[in-house]
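Engineer: Give me coordinates for this.
(chains A, B and C)
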Amino acid sequence: MPHTFPKAERLSGKKAIDRLLRCARYGHVEGIKYAYAPDSGQTQNRLLVSVPKRLFKRAVRRNLLKRRIREAYRLQKELLPPGGVDLLLTYDSREMLPFARIREAVAAILTEVASRTSHPGV
RNA sequence: CGGGUAAGACGAUCUGCCGCGCCGCCUCUCGGGGCGGUGAGGAAAGUCCGGACAGGAAAGGGCACCCUCCUGUGGAAAGCACAGAUGGGAGUAAUCUCAUCCCGGUCGUAACAGAAAACAACCGCCGCUUUUUUUUCCGGUUCGCCGGUUUUUUGCGGUAAGGGUGAAAACGCGGGGUAAGAGCCCACGACGGUCGUCAGCGAUGGCGUCCGGGUACGCCGGGAGGGCCUGCAAGACCAAAUAUACUGGCAGAUGAGGGCGGCCCGCCCGAUGCCAGGGGGUAGGUUGCGUAGAUAAAUGGCAGAUUCAAACACAGAAACCGGCUUAUAGUCUUACCCUUUUU
RNA sequence: CGGGAUGUAGCGCAGUUGGUAGCGCACUACGUUCGGGACGUAGGGGUCGUCCGUUCGAGUCGGAUCAUCCCGA
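Structural biologist: Residues are numbered from 1 along each chain as shown, chains lettered A, B, ... in the order given. As a prediction, the model looks like this:
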C-alpha cells in the first residue's frame, strides 16, 4: 500500500460529517480524542482532523499539529484496512506534543478501530 | 574596543527518502497514472483609516450628526509619507517625542494648603475723624490749663508693595514718585499685538516703529475641508428532495381519496385527488477569485550537511489594493554620537 | 471572515461637566438566644484588566494591548 493521502481520503461535506457524528463511536488515548463510523459506502477510509481553537489561539500551532496528525496517519494507514470507515481525530491537549508521541497515539487509535470494525463479533 | 542613535536589508541554504494544493502536456482499463512548472509574510496579525468593487437608498439643495485641522511637496484618498515652522519635554550627545486653524462668550473649573486661585474681602501700611489721657515727650503758660506728639479706641477712605502656602501668586531689575503705595512715570529687558521693511513658495523669522498689561486648562459657539447605508457570510448564476402560486389533461357526491392490522366484507371521515408543465426558492454546486488561490481548507515529516553560540524569533494567505499600529531571537550595511585606551 | 459590546471587593452592580472608590449579598467579631436562624452594633477586604500619554493630580480624558461575551451563512 502506498503511503499517500489523496483528496478522496479526506472527509468533507456537511452531510458526511453529520453522518459521522450521528453514528459515531468514541474513544480516547493520550492527547487525542477520536470518533469513527464504519460503512460509509466508500471503498476507502476517510479522515477528518481537528484542533480546537480554544486549545491553541495561534493558527500556526494549530496547522502544525494538524500536519503532524495527518503525517502520522499517512505513514501508518496500513494498520486500518480500507473498508469505508470515517474517522475523526481531535487534538485534546494544551501542550504541543512532538511528532513521535503523536505517531504512537495515532497507531494505537488505528489498531483499536481496526479490531473493532473488522471483527464486530469479538 | 565598548555602549548608543537613525535609516535600510535579510530573517535560513543544500542533499536524500516519503508526502500535499493548483496549472499545463501525455497516457488511460475513465478509478487513476507519468512528466514538467508553480506554491505564505514583513508583518499574511490587530481591523485603526482610506480606496476600488458589489448591493440597497436617493430630483436638487440646506439643516442636523460624525471625522479632520501649523506650512510645502508627493498621492486616487487617508487618523498617509517626506521635508520644514513655532513652542514645550527627555537625553552628556547623536537624536527622540508631544502640541498646533481663527474669533468670540455677563461660560465653567483651579481639590488640600493658603489672606487670596483671578470678582472681591481679610491682616498689615497710610491719611482724616473720634476716644483715651491717673500713664511718653516737647513748647507756651494768666499755674486753671492750651497746642503739638505718642499710645489705645470708633468710623470713613486710600492701597495692592508686604502675608511663603501651593503644581501655579497677578511681568523682571534699577531709578523717580507718594501720606502710604502701585507700569503711576522713566530707562533696559521679556511677553502679546499694529504698521513698515528684508529673507522664504509658505508656516514663520530678523530689524525698526508704535501700542498694550490677569495665568492655565476645559466647555460651548464660529470657520474651512470631507463624509449616504451595508459589506465577498456583499453580490451573480445553476439547481435535487419536500411543499406550492399558476396552466393543461384525466377521475370525481351515481362517492375520487383516506382511516380502522396486509386482503375482502363491513363501519367511519369525506371534496378534492392523480399525472404533466411551470415560476420563485432551500440543501448543494459554480462564480465573485487574482501569473499562491484552497473550500473542513495545500509548503509537511524523518535523516544528514553547511555558516554557527544556537537553526528553538514573531508568526500561516481565505475577495483585492494603499497606509497605520502591534509582535519579532539573531545577522549584515551606511551615517552619526558618547566613554575609555592607543597613535 | 466581517460587524459590535463589556472588564471596578468572593458574587451581582453603581460611580459626569477629573480632586477621601461606594451599594446590596457574602465574610469576621461582639450583642441577643438554652442553642441556631433572623435582627442590632462594629470591622476587614481594591495593582479600578494591563501598559503608555495629557494634567499639579486619572476609575473618569486620549492612545495601544490582553481577555471574555454577543450578532451575521
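
Engineer: buried set for stretch A:70-78?
Structural biologist: Residues A:70-73, A:76-77 are the ones in stretch A:70-78 that count as buried (16 or more other C-beta atoms under 10 Å). In short, each C-beta sits where N, CA and C put it, glycine included.

Engineer: likewise stretch A:29-41?
Structural biologist: The neighbour-count check on stretch A:29-41 (16+ other C-beta under 10 Å) flags A:31-38, A:40 as buried.

Engineer: can you check stretch A:53-68 too?
Structural biologist: When neighbours are counted by 16+ other C-beta under 10 Å, the buried residues of stretch A:53-68 are found to be A:56, A:62, A:65, A:68.

Engineer: The nearest residue to A:Ala24 once chain neighbours are set aside bridge partners, please.
Structural biologist: When the adjacent residues along the chain are set aside, A:Ala24 lies closest to A:Ala35, with 3.9 Å between them (C-beta to C-beta, 6 or more residues apart in numbering). Note on A:Ala35: beta-bridge partners A:Tyr26, A:Leu88, judged by DSSP bridges.
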